[in-house]
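# Quick one, what's the 3D model for this:
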Amino acid sequence: MRRSTVVMIVLLVVLAGLYWYMQQPENLIARTLQPTPTATRIEWGNIISPEKGQPTRIVIESAEGQALTLDKSSGIWFLTVGGTSGPADPNKVESVVAGLTTLRILSNIQPAPELTSIALEPPAYRVSVTMSDGSTVDFHIGSKTVIQSGYYVRTADGNLYVTAAYNIDALLNLMTTPPFLQTATPSPQSVTETPSPRETPSTPQPTATP
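Modelled structure (predicted):
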């Protein structure tokens, strides 16, 4: 038999064996050639959709019965808390509002744990936000996560999320430090007394010589 024929037969046997091996499940060659899967980050969006506009009214109620209301129906933010009402500091409120409208969802919790274990039954805080498009966004705030980077939040549709802690902290700080507008107190003005005119001593008149 010619040498070239032998080589061809050997190659055919090798190829046939390789083909058979590649058909086997979980073979090493196929696993090696598979691309390494890359982790895909899921963007869950925000608690409040940007299409709803801007908040015009915010109501926060705690499980202890404390309540805070911020209302902008008059054109300026007006704050009511603990029976006290007055204009709110616009800079502080707008900072909190900006954080509220960009409250990012970090993850969707499925299956949901026992709600009592994460302070959502009953909820630690109830939040209701009226938007400029007329809609209302309601959600409950529970406890912080184990690593303190987020809060458990339950939306009106029953979904359970973890949201960024920084924005929630700023929102809840309104309860402990209400941002009433501080008006400047006028300082007392010193009263300058006008000096009374001095009496000019009279010049003695010369006496007549007898």
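
# residues making contact with the helix or strand encompassing Ser95?
Assigned by DSSP states H and E, Ser95 belongs to helix 90-101. Residues outside helix 90-101 that contact it (Cβ atoms under 8 Å, 6 or more residues apart in numbering): 46, 48, 50, 54-55, 58, 70, 76-77, 79, 129, 166-167, 170-171, 173-174, 179, 181. For glycine as for every other residue, the C-beta is placed from the backbone atoms N, C-alpha and C.

# Check which residues of that helix are buried.
Buried residues in helix 90-101, counted by 16 or more other Cβ atoms under 10 Å: Lys92, Val93, Val96, Val97, Gly99, Leu100, Thr101.

# Drop anything exposed from the contacts of helix 90-101.
46, 48, 54-55, 58, 70, 77, 79, 129, 167, 170-171, 174, 179, 181.

# Filter those residues down to the ones in strands?
Judged by DSSP state E, the subset of the buried ones among the contacts of helix 90-101 located in strands is Pro55, Ile58, Leu70, Leu79, Val129.

# ok, now which ones touch the residue nearest the centre of the chain?
Closest to where the C-alpha atoms of the chain average out (Cα atoms, centre = their mean) is Asn167, at 2.2 Å. Asn167 sits next to Gly99, Leu100, Thr102, Leu103, Arg104 when contact means Cβ under 8 Å, 6+ apart.
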